[in-house]
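A.B. asks: Sequence first, then the predicted structure:
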Amino acid sequence: NVLSSTQIDMTAAGDIDTQGSTSINATAGGTINLRVDSGNATAATLNLGDGTVFNAATITFTGGNAGGDDTLVAPSAAANTWTITGIDIGTLANPLITTAANAGYTNLQNLTGGVGTDLFDFNGGSVSGNVIGGGGAGLNTLDYAGAAAGSVTLNAAGANGFSGLAGSASQITGTFSGIT
C-alpha cells in the first residue's frame, strides 16, 4: 500500500494504526500530519506500525487536547530516539521516518518504544503519562542529563522490573532523588 500526495492529513476520533507494509509519501517537500483523539475525550493510540515508511519534509503526530491520555507507539523495526522537549512534546527519530528533520509530536502523553533499542532523552521536557520501552532484546535508556529537576517513578514490569540483577547499581547511571 502506498499513499502519496503533497500533503497527507489523517485525523481520527479514535485510534490510527499503520501496521503492515505501507509507505506514506508526501511528495515535493510536503507534509504528513497524523492526529488521533480529534474532538473526542477518550484515550487514543497512534501506532506507527512495523514496516511503515514515512517520507516527507515535515511530519507531525498529534494527540487530542493537552492533559489527555493518548499514546504514540514507535515502529519496532529499528532503534528509536525520543527527544522530550516540553510537556508531552518532542521528536521521534527512526530509520523508517525519512525526513530532513525528526518527526515532531505534541499532546501525546504516553510513549511506547519498539522491541529494539529505545533512547528516551529528557531534554527540558516531561511526560505526563507513561514511558514504556516496548520490551524485546533491545536496550532501553532513560537519559535525564538535560532534564529539569523533578521526580521519576520506576514501575516494575516482570520479576524485578529491570534486566539483570534486582538492585544492581550498574543498571542505573547518574544521580536520582525523589524516586517513588
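C.D. replies: Perfect, thanks for sending it.

A.B. asks: And for F120, the neighbour number?
C.D. replies: F120 has 21 neighbours, counted by other C-beta atoms under 10 Å. Using the backbone N, CA and C atoms, a C-beta is placed for each residue, glycine as well.

A.B. asks: Distance from the chain centre to the strand or helix carrying it, please.
C.D. replies: Following DSSP states H and E, the helix or strand that holds F120 is strand 118-122. Here strand 118-122 is found 9 Å from its chain centre; the criterion is C-alpha atoms, centre = their mean, to the nearest Å.

A.B. asks: How about stretch 92-110?
C.D. replies: 7 Å.

A.B. asks: Within its sheet, name the partner strands of the strand holding F120 and how each one runs.
C.D. replies: Applying DSSP bridges, strand 118-122 is found paired with strand 80-86 (parallel), strand 140-143 (parallel).

A.B. asks: Can you add mean neighbour count and give those strands back as CSV?
C.D. replies: Output for the strands paired with strand 118-122, formatted as CSV (neighbours: other C-beta atoms under 10 Å):
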stretch, mean neighbour count
strand 80-86, 20
strand 140-143, 18
